[in-house]
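Below: sequence and its predicted model.
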Amino acid sequence: MVDETLFDYLHMAIVDYYNNENENDVESTSSYLSQIGYRVGYSLSERLSKENPRYRDELDTVKYLCKELWICLFK
């Protein structure tokens, strides 16, 4: 519970900071925040799947995403 609250406050602070820095350019702020989300998600999935063997096909990859990664992210 505490880690979720801390993450929520960190997320709100990051969004607020970049909105205040680039008040005139909403498009670049949105793009930058989207890039941060992509990098964090990519790094997290790489770290969590490091111990697993390589997946043979797309179906195994999707199964991993649905059963392991999403559960870790949204629990």
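Structure's in. What do you need?

Tell me which residue of the protein is furthest from the middle?
Asn24 (25.8 Å; C-alpha atoms, centre = their mean).

Could you check how far that one is from Ala13?
Applying C-beta to C-beta, to the nearest Å, one obtains 21 Å for the distance of Asn24 from Ala13. Just so you know, the C-beta spots here come from the backbone N, C-alpha and C atoms, and that holds for glycine as well.

Give me the phi and psi angles of Asn24.
phi -80, psi -20 (degrees, to the nearest 10).

Look at it and report its pLDDT.
Listed pLDDT for Asn24 reads 79.

so how far is Met12 from it?
21 Å.

Export stretch 64-75 to PDB, keeping only CA atoms.
Below are the C-alpha coordinates for stretch 64-75, written out as PDB (Å, rounded to 0.1, in the frame of the first residue of the first chain):
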ATOM      1  CA  TYR A  64       4.600 -13.800 -20.300                       C
ATOM      2  CA  LEU A  65       3.300 -10.300 -20.600                       C
ATOM      3  CA  CYS A  66      -0.200 -11.300 -19.400                       C
ATOM      4  CA  LYS A  67       0.700 -13.700 -16.700                       C
ATOM      5  CA  GLU A  68       3.900 -12.200 -15.200                       C
ATOM      6  CA  LEU A  69       4.500  -8.600 -16.200                       C
ATOM      7  CA  TRP A  70       1.000  -7.200 -16.000                       C
ATOM      8  CA  ILE A  71       0.400  -8.900 -12.600                       C
ATOM      9  CA  CYS A  72       3.600  -7.400 -11.300                       C
ATOM     10  CA  LEU A  73       2.600  -3.900 -12.500                       C
ATOM     11  CA  PHE A  74      -1.000  -3.900 -11.500                       C
ATOM     12  CA  LYS A  75      -1.200  -5.800  -8.300                       C
END
